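[1] any chance you could fold what I've pasted below:
(one chain, ligands or ions: 2)
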Amino acid sequence: MTQSLTVLGIETSCDETAAAVVRLTDGRAEVLSDIVLGQAAQHAPYQGVVPEIAARAHVEGLDGTIAAAMRDAALGFDDLDGVAATAGPGLIGGVMVGLLAGKAIALAHGKPLIAVNHLEGHALSPRLVGVGPSFPYLLLLVSGGHCQFIGVLDVGVYRRLGSTIDDALGEAFDKLGKLLDLGFPGGPLVEKHAKNGDPTRFALPRPMLGREGCDFSFAGLKTACAREVDRLGSPTDQDKADLCASFQAAVLDVIEDRSRKAMRAFDPIWGAKGRLVAAGGVAANRAIRARLEGLALEQRYEFHAPPMKWCTDNAAMIALAGAERLSRGFSDDLAVPARPRWPLDETSARLRPSHKPGRKGAKA
Ligand code: KG4
Ligand code: ZN
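    Ligands and ions are numbered 1, 2, ... in the order given. From the prediction side, this is the model:
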């Protein structure tokens, strides 16, 4: 029998106020609406996300964003099968705004509430394109707050294989953008400048290259970039392009090496036929996608990455995660709390507490 579930998703964990409606029919996703209200302009003067500004902007923008998502989907709240909201991890003020809105709609219209882990949203985001990759797959989740390899066995069944021991990769991109005064967020701008630069001009470290396991570390690379900027004094446009290109070359080498190790860890557990998936804001980087695609081809893996707009934070991935959970009979009590920290694989997080927080708290 065909099962069709229509879910409103709400995302407010960082600096995007987002709402979307997704319909899941027998495992196939259809995005009926997808609204993202970015706050970059409000945070740009500070060259980073300011939690208090983010929370206030979510309060001001969320009602209109939800109304727009419902209008675009041409649905009323009573047409929904459930309401999904990010309940963490993230900046707690923002998470509370979105979760409370989700609870209010669920209560007022008698719909189930699904409290979604933001990381689960990213993990399932490649499946927003029709059916997407089937389970199990090896996920490289790279964003402003997270950098980890996760074995995605099924909806709700995740094994963390490795993660950053210090900074997230997006943080390193943003830091370089800030050092070079490129603007905010730095990631896309570093990628743009790197295109005109010489990737061999600066000899930057490749942290963790060749090490056992598949953990990452980016603090040393960040510091090395800061040292080069100091040495340059007032960098010219060409200096900036060369440093961006050299930084990105180091990142590519590290990602390829770590992914190779992660594949080795993933293969024996989940069978010969591998699938490599990249998700999260940094997965929007074309050079990173191309390097991973090449590696996948070489290792006879399939490669999947969501379209650019679903790499960065959005509510379609939250609605999909909610619909997937609902289809398996999961929903949450209205008392469910907002969580600043919420590892996707709680067991691994408990066993390896040395993995420190990124920009938005301990998400690893
Ligand atoms: O997933 P996301 O929107 O938010 C978090 O959950 O953190 O990721 C945002 C991060 C930022 O650090 C941003 O600079 C980075 O993703 N990013 C990129 C690119 N586009 C976004 N990094 C490198 N290259 C890009 N093209
Ligand atoms: Zn995110």
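[2] list the buried ones in stretch 323-340?
    323-327, 331-332, 336, 338-340 (16 or more other CB atoms under 10 Å). (Glycine included, C-beta is placed from N, CA and C.)
[3] list the residues that contact the residue of the stretch 251-364 of the chain found nearest ligand 2.
    Here the residue of the stretch 251-364 of the chain nearest ligand 2 is residue 313; by CB to the ion that distance is 4.4 Å. Residue 313 sits next to 11, 13-16, 18, 36, 118, 143, 281 when contact means CB atoms under 8 Å, 6 or more residues apart in numbering.
[4] once you drop chain neighbours, what's closest to it?
    residue 16 (4.3 Å; CB to CB, 6 or more residues apart in numbering).
[5] circling back: inside strands: which ones of the contacts of residue 313?
    11, 16, 18, 36 (DSSP state E).
[6] need the buried ones from the contacts of residue 313 selected in PyMOL.
    Selection of buried members from the contacts of residue 313 for PyMOL, criterion 16+ other CB under 10 Å:
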select buried, resi 11+13+14+15+16+18+36+118+143+281
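[7] also within reach of ligand 1: list those from the contacts of residue 313.
    Among these, the ones lying near ligand 1 by CB under 6 Å from any ligand atom are 14, 143, 281.
[8] how about the buried residues of stretch 323-340 in CSV, adding secondary structure?
    Below are those laid out as CSV (DSSP: H, G, I helix; E, B strand; the rest coil):
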residue, secondary structure
323, helix
324, helix
325, helix
326, helix
327, helix
331, coil
332, strand
336, coil
338, coil
339, coil
340, coil
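[9] biggest separation within these, which pair?
    327 and 340 (28.3 Å; CB to CB).
[10] may I have the phi/psi pair for the residue nearest the centre of the chain?
    When CA atoms, centre = their mean is applied to the chain, the residue found nearest the centroid is residue 280 (2.8 Å). Taking degrees, to the nearest 10, you get phi 100, psi 160 for the backbone angles of residue 280.
[11] likewise the one 3 residues further on?
    Here is the backbone geometry of residue 283 (degrees, to the nearest 10): phi -70, psi -10.
[12] also residue 200?
    Per degrees, to the nearest 10, the backbone of residue 200 is at phi -100, psi 0.
[13] surely it and residue 250 touch.
    No - if you go by CB atoms under 8 Å, residue 200 and residue 250 don't touch, sitting 11.0 Å apart.
[14] these two - which one has more neighbours?
    Comparing residue 200 with residue 250 by neighbour count (other CB atoms under 10 Å), the higher total belongs to residue 250, at 23 against 10.
[15] one step back: the residue of the stretch 251-364 of the chain closest to ligand 2 belongs to a helix?
    No - counting by three-state DSSP, residue 313 falls outside a helix, being coil.
[16] on that earlier part again, contact partners for the residue nearest to residue 313?
    Taking CB under 8 Å, 6+ apart as the criterion, residue 16 is in contact with 36-39, 312-314.
[17] again with residue 204
    Contacts of residue 204 by CB under 8 Å, 6+ apart are 221, 224-225, 228, 246-247, 249-250.
[18] again, 7 Å this time
    221, 224-225, 246-247, 250 (CB atoms under 7 Å, 6 or more residues apart in numbering).
[19] relative to ligand 1, how far out is it?
    Separation of residue 204 from ligand 1 (CB to the nearest ligand atom, to the nearest Å): 16 Å.
[20] could you do residue 106 as well?
    Counting by CB to the nearest ligand atom - residue 106 and ligand 1 are separated by 24 Å.
[21] same thing with residue 2?
    Distance from residue 2 to ligand 1, by CB to the nearest ligand atom: 33 Å.
[22] the residue lying closest to that residue once chain neighbours are set aside: neighbour count?
    Excluding its sequence neighbours, the residue lying closest to residue 2 (CB to CB, 6+ apart) is residue 26, at 5.8 Å. Neighbour count of residue 26, defined by other CB under 10 Å: 10.
[23] surely residue 73 and residue 31 touch.
    No - contact status for residue 73 versus residue 31: not in contact, 9.1 Å apart, counting by CB atoms under 7 Å.
[24] using PDB, write down the CA coordinates of the helix or strand of the chain with the lowest mean pLDDT.
    Ranked by mean pLDDT, DSSP states H and E, the weakest helix or strand in the chain is helix 346-351, scoring a mean of 77. C-alpha atoms of helix 346-351 as PDB (Å, rounded to 0.1, in the frame of the first residue of the first chain):
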ATOM      1  CA  GLU A 346      25.700   9.100  21.300                       C
ATOM      2  CA  THR A 347      27.700   5.900  22.000                       C
ATOM      3  CA  SER A 348      30.700   6.900  20.000                       C
ATOM      4  CA  ALA A 349      30.600  10.400  21.500                       C
ATOM      5  CA  ARG A 350      30.600   8.900  25.000                       C
ATOM      6  CA  LEU A 351      33.500   6.500  24.200                       C
END
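[25] give me the buried positions along that helix.
    Applying 16+ other CB under 10 Å to helix 346-351 flags 348-349 as buried.
[26] and residue 98, that one's in a helix?
    Yes - applying three-state DSSP, one finds residue 98 inside a helix.
[27] longest helix of the chain?
    Ranked by residue count, the top helix of the chain under DSSP state H comes out as helix 237-270.
[28] figure out how far that helix is from the centre of its chain.
    17 Å (CA atoms, centre = their mean, to the nearest Å).
[29] flag every buried residue along it.
    Neighbour-count burial for helix 237-270 [16+ other CB under 10 Å]: 239-252, 254-259, 261-263, 265-266, 270.
[30] wondering if it reaches ligand 1 at all.
    No - using CB under 6 Å from any ligand atom, helix 237-270 stays clear of ligand 1, with a minimum separation of 8.4 Å.
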